[in-house]
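The sequence and its predicted three-dimensional model are supplied below.
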Amino acid sequence: MKIRLNDQPLELAQPLSVAALLTQLERHQPGTALAINQTIIPRADWADHQVQDGDDILLFQAIAGG
């Protein structure tokens, strides 16, 4: 299964949930935000949302400011 993560190609051996992918990549930390195919996925949905072949994932650190 092929996806793009922050504009870099990534191949996964099997389908994963967003939470499992972030754990596997050691990127599951507070302040992390995520969009798949330009749609923000709420953190509460990460355990249930399955990454699909061809997904374009943008992972970024949310920063508070004014």
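Alright, I've got the coordinates.

so what pLDDT did the nearest residue to D48 once chain neighbours are set aside get?
Spatial nearest neighbour of D48, chain neighbours left out: S17 (6.6 Å); criterion: C-beta to C-beta, 6 or more residues apart in numbering. C-beta coordinates here come from the backbone N, C-alpha and C atoms, glycine included. Looking at S17, its pLDDT is 96.

what residue ranges in this protein score low on pLDDT?
Low-confidence segments of the chain (pLDDT under 70): 64-66.

is it fair to say L22 lies in a strand?
No. Going by DSSP: H, G, I helix; E, B strand; the rest coil, the assignment for L22 is helix, not a strand.

Helix, strand or coil: sort out the nearest residue to it once chain neighbours are set aside for me.
Once flanking residues are discounted, L22 sits nearest to H28: 3.9 Å by C-beta to C-beta, 6+ apart. Secondary structure assignment for H28 (three-state DSSP): coil.

And for H28, the neighbour number?
When neighbours are defined as other C-beta atoms under 10 Å, H28 has 15 of them.

And the strands in the protein?
Using DSSP state E, the strands of the chain run over 2-5, 8-11, 32-36, 39-40, 56-61.

So which of the ones you listed is nearest Q50?
Q50 sits nearest to strand 32-36 of all the strands of the chain, at 10.1 Å, using C-beta to C-beta.

In terms of secondary structure, what does that closest one contact?
For strand 32-36, the packing partners by 3 or more C-beta pairs under 8 Å, 6 or more residues apart in numbering; DSSP states H and E come out as helix 18-24, strand 56-61.

and if we set it to 7 Å?
Strand 32-36 is packed against strand 56-61, with contacts defined by 3 or more C-beta pairs under 7 Å, 6 or more residues apart in numbering; DSSP states H and E.

just checking, K2 touches V51?
No. Here K2 lies out of contact with V51, judged by C-beta atoms under 7 Å, at a distance of 10.7 Å.

hang on, the earlier thing: quick one: which of the strands of the chain is nearest W46?
Set against W46 and scored by C-beta to C-beta, those come closest in strand 32-36, at 7.3 Å.

Any buried residues in that closest one, and which?
Residues L34, I36 are the ones in strand 32-36 that count as buried (16 or more other C-beta atoms under 10 Å).
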